[in-house]
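> Next come a sequence and a model predicted from it.
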Amino acid sequence: MKGNKLIQLTKPATRRLPLALSALILFILAVSLPAHAADVIIEGRVLTESGPLANASVSAYRSYADLRNGSGPVAAATSNSDGLYRLNLPPGSYFFTANGESDGRRFHAYHGSNPLTVANETFWLGLLATPRDLPPAYADGQTGLEGIVTYKGKPLEGAYLALYKPDSKSFKGLGVRTESIGSDGRFRLNLQPGSYVVTARNIENGKSNRPLQQGDLYCYFSGNPVEVKQDQKARIEMSCYPKGNRDNFVATRKIKSDVLNTYSEQQASSKSGIRGIVTDQTGQPVAGMNVLAYRLTTPVFMMYHVYHGSEHSALTDRQGRFFIPLDSDGNYGLVARDTLGDGPHRGELYGLYQGNVRHAVSLKQGQTVENVSIIVGRVMDDSGQPPAGTAPQVVVGTTDGNPVVLSDTVITRDTVWQGEIIIQGVVAVKRGTTLQIRPGTTIRFRKTDRDNNDVGDGEILVEGRLIARGTPENRIVFTSAEDKPAAGDWSYLQFLASNRGNIIEHCQFEYAFAGVMIHYADVKISDTLFRNNNRGLHYNTADLEVDHSTFVNNRIGIRFMRMEGNVRITNNHITQNDIGVLFVRQHVNAVNFEQLNRGQEVPAYQGNNIHANRNYNFSLGEEQERDIKVPGNWWGTPSTSAVAELMYDRSKNPTVSRIEFEPFLETPVAGAGVRGLNPEFIFAGLAKNDSRDNETPQAGVLSGRFLMADDRPLSGALLYLYNLKSGPLPSLNRYWRVPNHSAEVGADGRFSIQAPPGIYSIGAIKRSNGLYIGPPELDDLFMLNLDETGQPRAFSLKPGALLNLGDIRETPVSARKKDPSEAVTAIEGVITDIKGKPLEGVLVFAFTRPAVVGKPLFVSQPSDARGHFRLAIAEGGTYYLKARSNLGGGPPQTGLVIDGNKLEPLVQVSVNTGRTATGIALKTKTFPGRGRKK
């Protein structure tokens with residue numbers, strides 16, 4: 001720990017120096033006497049609501065774990081009689097606290113912006129201390145937490161509580177649980193046992209969960225983290241202080257020199273970040289919008305960006321302008337919203353940045369990205385259509401049979417498609433723009449998989465409006481461009497908070513992950529065929545009409561969540577899917593999460609033929625607590641017991657709610673399904689491509705929850721799924737096998753992943769930084785589900801099965817504890833570029849065939865500074881090696897190792913079991929950064 005001695009000014013006996021001069025001298029002395037030349041000086045003052053807190057201990061910690069565990073701080077100082085302190089710190093990120101006593105009372109301060117970035121400039125950091133809270137009191141009862149939030153000793157009205165796991169990187173944005181506090185300042189939550197960091201906020205203008213600003217109140221329980229115990233209710237009381245407004249907290253003379261910026265002022269004047277403007281569709285600026293920047297971890301847009309908050313954000317001013325200070329390189333997705341927490345609701349102003357299909361800007365540290373423009377509109381707005389454009393429509397495609405190929409594209413003008421369109425990437429329809437598709441058009445999607453999740457990335461994303469009107473004779477077809485098409489070759493046609501007036505008539509969707517996906521939008525669908533998809537139709541909050549459509553041979557015909565929006569599903573034929581209709585519980589994080597599923601707009605499923613689906617005609621998802629009423633449909637039989645047999649609800653699982661299907665129709669609905677389409681056409685397509693009859697069996701779904709040995713969820717991890725038919729059992733420390741499939745694990749440890757039938761083992765990896773596929777690095781945690789003998793557990797996934805593995809409890813192994821010497825079979829060598837220069841940080845992959853087909857079987861740790869690599873494998877044999885800078889593909893980046901020509905021969909190496917093959921030389925090339933000419 002560094003010693004920090006406070007520089008105190010002595011006062012003359014006869015007269016006092018002017019206050020401003022005293023502060024200035026203190027400032028000059030402080031900045032001229034750093035502990036080390038590279039250190040940064042932080043000046044500040046510790047105050048209670050009664051005045052300065054003298055002799056307070058001010059500390060700066062590298063991490064919350066150090067603060068929590070009582071490890072020594074990086075630096076500490078003691079405040080003087082005016083509460084003044086000074087710290088010398090090297091640049092970095094720190095958690096700042098203060099502790100002290102006054103008049104027999106103990107006080108504690110925790111800065112609400114922790115962790116704070118200390119760069120290269122001195123700044124002022126005020127700490128407002130509140131009375132130290134009493135330890136939690138426990139009483140028998142339902143497992144959970146209750147208490148009261150106060151400000152200056154009085155209950156605080158209009159606040160909300162946010163709980164976080166102690167291993168979170170920061171305690172900002174939405175927590176693992178976020179709930180409103182009652183008007184009396186009291187709260188009561190039912191929770192899973194575990195440790196929680198408890199905070200509360202009171203937003204001055206009432207906007208939920210936006211970043212804290214001057215005048216807002218922040219509350220941090222000084223006894224954090226709180227341990228919630230099984231079958232006990234923990235009770236706490238916590239105090240708040242105002243963010244950046246000491247005058248509302250205490251009346252005392254000011255000492256800080258105007259020359260010295262506060263931390264907030266320094267952040268606001270940052271020269272590194274994203275600057276832009278938010279407007280409506282007419283170009284008028286919109287004030288008071290929250291603009292959030294998300295550090296992207298995948299090469300494709302992820303829907304969870306719509307739901308969650310971010311610690312990187314800004315509020316637009318009266319001219320709609322915003323600036324988000326950022327100090328790290330990366331790609332940042334941007335979204336503008338007027339309300340935070342949960343997905344957007346009807347009437348909310350919302351819009352993604354649409355400068356590209358990832359909705360992202362690239363930032364280099366120390367630079368500012370200027371002139372970023374975001375257009376917002378009201379979600380599911382009933383006030384009418386967007387203003388018509390004055391420019392002529394752009395026509396894409398021909399009628400002479402020559403296809404048009406589109407890569408990643410943002411449509412910014414009203415556009416017409418015709419003929420054959422081939423999409424290899426994502427096409428986004430910008431807000432205020434209309435895409436019209438003419439009858440007889442065929443849209444084919446080439447399978448590209450940049451995030452390696454076995455689902456094609458091809459997508460049409462509509463924030464504007466789409467009109468796809470086919471005819472019975474000339475249908476509009478959305479399908480795969482692959483020679484052997486399969487479900488999941490492309491993603492979906494997605495409507496995301498789009499303009500109103502979206503129409504789909506006489507269309508056909510096949511071989512998609514989800515044919516049509518609707519979030520917070522208005523869409524009308526009629527006479528449309530959904531077949532051979534993972535999901536035919538998926539919707540969330542929506543104004544939706546689906547009439548006279550057919551859903552056949554999908555894994556799920558229709559999947560939905562929430563009861564919000566006007567939804568009518570009538571005269572449809574839903575048959576020969578694994579599950580006809582699936583109603584799932586929303587699993588996003590939100591303010592007042594427990595109220596998330598309380599929508600009262602019950603969807604109308606009436607007059608449909610829903611029958612002969614392979615597993616269930618209608619099913620509820622895990623933990624679904626909402627009853628659903630679906631009377632007036634034909635279920636394939638007049639027998640009540642036979643109808644109930646193909647319903648998955650409380651009658652089969654006591655943890656879910658009920659499906660109320662009576663009264664039901666005893667005979668089929670005449671004319672249900674697509675009108676004017678020969679049934680032989682529908683089922684002929686199934687006979688040719690039915691997953692049960694071709695080389696790709698019907699996939700199943702695995703679900704469950706990862707828990708550590710102490711029952712804490714393994715949050716922020718990646719699930720790894722290993723097909724035991726394609727390789728050996730995975731290992732904790734002898735070698736690193738590449739998983740066949742992967743998926744993100746939720747904050748509560750829950751997971752769900754689709755996979756082909758087979759025998760599998762399962763594991764998970766929690767990174768110390770980011771989410772990516774690859775071998776564990778220093779401080780990463782790796783978990784395998786083991787059986788009683790300590791070997792990876794094997795389980796069988798049947799075609800179309802929904803297999804719940806329940807709770808998987810294991811102790812994750814740290815990469816620090818791995819012993820490479822146990823890898824008794826290995827290949828060692830050196831990686832260089834074509835000029836012979838050793839390459840550091842490069843991975844080596846081992847294939848079992850002499851061609852880059854599918855995924856490799858094993859991967860090495862990154863090469864060291866000498867280019868040396870060690871590739872551990874399960875057993876001897878002949879392997880074919882290649883090198884690349886990452887596992888997962890995606891677009892090449894300047895300076896990183898790339899594949900080169902995939903026709904190039906790989907390096908063949910043979911090794912005996914228990915031996916190490918040495919002296920292997922791999923030469924590869926780095927990407928020069930010269931993109932393809934346009």
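Looks like it came in fine. Numbers count the residues shown, from 1 in each chain.
> Break down the stretch 801-934 of the chain into its strands, ranges please.
Taking DSSP state E, counting those that start in this stretch to define them, one finds strands in the stretch 801-934 of the chain at 802-810, 813-814, 826-833, 843-847, 858-859, 868-872, 877-884, 907-911, 916-924.
> in the sheet, who's paired with Phe123?
Judged by DSSP bridges, the bridge partners of Phe123 are Ile42.
> Please report the distance of it from Gly92.
14 Å (Cβ to Cβ, to the nearest Å). From N, CA and C alone the C-beta is placed, and that goes for glycine too.
> neighbour-wise, which of these two wins?
Ranked by neighbour count (other Cβ atoms under 10 Å), Phe123 and Gly92 place Phe123 first, with 20 against 14.
> Roughly how far does the more buried one sit from Lys798?
Applying Cβ to Cβ, the value for Phe123 to Lys798 is 61 Å.
> go on, Pro638?
31 Å.
> ditto for Asp483
When Asp483 is compared with Lys798 (using Cβ to Cβ), they lie 28 Å apart.
> can you check Gly147 too?
Counting by Cβ to Cβ, the separation of Gly147 from Lys798 is 48 Å.
> the more surrounded of these two?
Neighbour totals were compared for Gly147 and Lys798, and Gly147 leads with 25 against 12 (other Cβ under 10 Å).
> wait, doesn't Asp338 sit right on Ala287?
No: taking contacts as Cβ atoms under 8 Å, Asp338 lies outside contact range of Ala287: 9.8 Å.
> For these two, indicate the residue with more neighbours.
More neighbours surround Asp338 than the other of Asp338 and Ala287, with 21 against 13 (other Cβ under 10 Å).
> so how far is Gly347 from the more buried one?
10 Å.
> do Ile181 as well
Relative to Gly347, and taking Cβ to Cβ, Ile181 is found at 25 Å.
> more neighbours, those two?
More crowded of Ile181 and Gly347, by other Cβ under 10 Å: Ile181, with 23 against 14.
> OK, contacts around that one?
Counting by Cβ atoms under 8 Å, 6 or more residues apart in numbering, Ile181 makes contact with Val149, Leu156, Glu157, Gly158, Ala159, Tyr160, Leu161, Phe187, Ala200.
> In strands, which of those fall?
Those of the contacts of Ile181 mapping onto strands are Val149, Tyr160, Leu161, Phe187, Ala200, per DSSP state E.
> closest to Leu665 among those residues?
Nearest to Leu665 out of the ones in strands among the contacts of Ile181 is Tyr160 (Cβ to Cβ; 46.6 Å).
> partner residues bridging the closest one?
Beta-bridge pairing for Tyr160 (DSSP bridges): Ser180, Arg201.
> hey, least reliable of the strands of the stretch 801-934 of the chain by pLDDT?
For the strands of the stretch 801-934 of the chain, mean pLDDT drops lowest on strand 813-814, to a mean of 71.
> returning to what we had before: return the member of the contacts of Ile181 nearest to His312.
For the contacts of Ile181, the nearest to His312 is Tyr160 (20.5 Å; Cβ to Cβ).
> Distance of the closest one relative to Asn114?
19 Å.
> can you list the domains in the protein?
Using automatic domain parsing, the domains assigned to the chain come out as 270-378, 394-689, 700-817, 823-924.
> Present those domains as a markdown table; the columns should include distance to Tyr263.
Shown next, in a markdown table, are those (distance: least, Cβ to Cβ, whole Å):
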| stretch | distance to Tyr263 |
| --- | --- |
| domain 270-378 | 11 |
| domain 394-689 | 27 |
| domain 700-817 | 24 |
| domain 823-924 | 34 |
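> Which among those is found nearest to Ser239?
domain 394-689 (21.8 Å).
> Report the mean confidence score over the closest one.
The average pLDDT for domain 394-689 rounds to 89.
> Likewise for stretch 119-128?
Averaged across stretch 119-128, pLDDT comes to 90.
> Now the terminal residues of it, how far apart.
For stretch 119-128, the separation between the terminal residues is 23 Å (Cα to Cα, to the nearest Å).
> so who does His359 touch?
By Cβ under 8 Å, 6+ apart, the contact set of His359 is Phe301, His305, Gly333, Leu334, Val335, Leu352, Tyr353.
> So how do I select the buried members of these in PyMOL?
Command for PyMOL that selects the buried part of the contacts of His359, burial taken from 16 or more other Cβ atoms under 10 Å:
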select buried, resi 301+305+333+334+335+352+353
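> Out of the contacts of His359, which comes closest to Gln367?
For the contacts of His359, the closest approach to Gln367 (Cβ to Cβ) belongs to Leu334, at 16.0 Å.
> what comes into contact with the strand or helix carrying that closest one?
Per DSSP states H and E, Leu334 falls inside strand 330-337. For strand 330-337, the external contacting residues (Cβ under 8 Å, 6+ apart) are 274, 278, 286, 289-296, 301, 305-306, 312, 316, 326, 344, 348-353, 358-363, 372, 374, 376.
> After it, heading C-terminal, what element do we hit next?
Using DSSP H and E, the helix or strand that follows strand 330-337 in sequence is strand 349-352.
> so Leu718 sits right up against Ala764, yeah?
Yes: using Cβ under 8 Å, Leu718 is in contact with Ala764, at 6.5 Å.
> what's the overlap in contacts for these two?
Common contacts of Leu718 and Ala764 (Cβ under 8 Å, 6+ apart): Val745.
> Name the member of the ones in strands among the contacts of Ile181 with the most neighbours.
Val149 (29 neighbours).
> What's the separation between Asp864 and Thr918?
Distance, Asp864 to Thr918, using Cβ to Cβ: 15 Å.
> who has more neighbours, those two?
Higher neighbour count among Asp864 and Thr918: Asp864, with 15 against 11, using other Cβ under 10 Å.
> any idea how far the more buried one lies from Val842?
Separation of Asp864 from Val842 (Cβ to Cβ): 10 Å.
> again with Arg750
The gap separating Arg750 from Val842 is 35 Å, by Cβ to Cβ.
> likewise Gly877?
From Gly877 across to Val842, the span is 23 Å (Cβ to Cβ).
> neighbour-wise, which of those two wins?
When Gly877 and Val842 are compared for neighbours, Val842 comes out ahead with 24 against 15, by other Cβ under 10 Å.
> Could you pull up phi and psi at Ser57?
Main-chain dihedrals, Ser57, degrees, to the nearest 10: phi -90, psi 110.
> That one is in contact with Thr78, isn't it?
Yes: Ser57 lies in contact with Thr78 (Cβ under 8 Å); the separation is 6.1 Å.
> pLDDT wise, what is Gly206 at?
As predicted, Gly206 sits at a pLDDT of 53.
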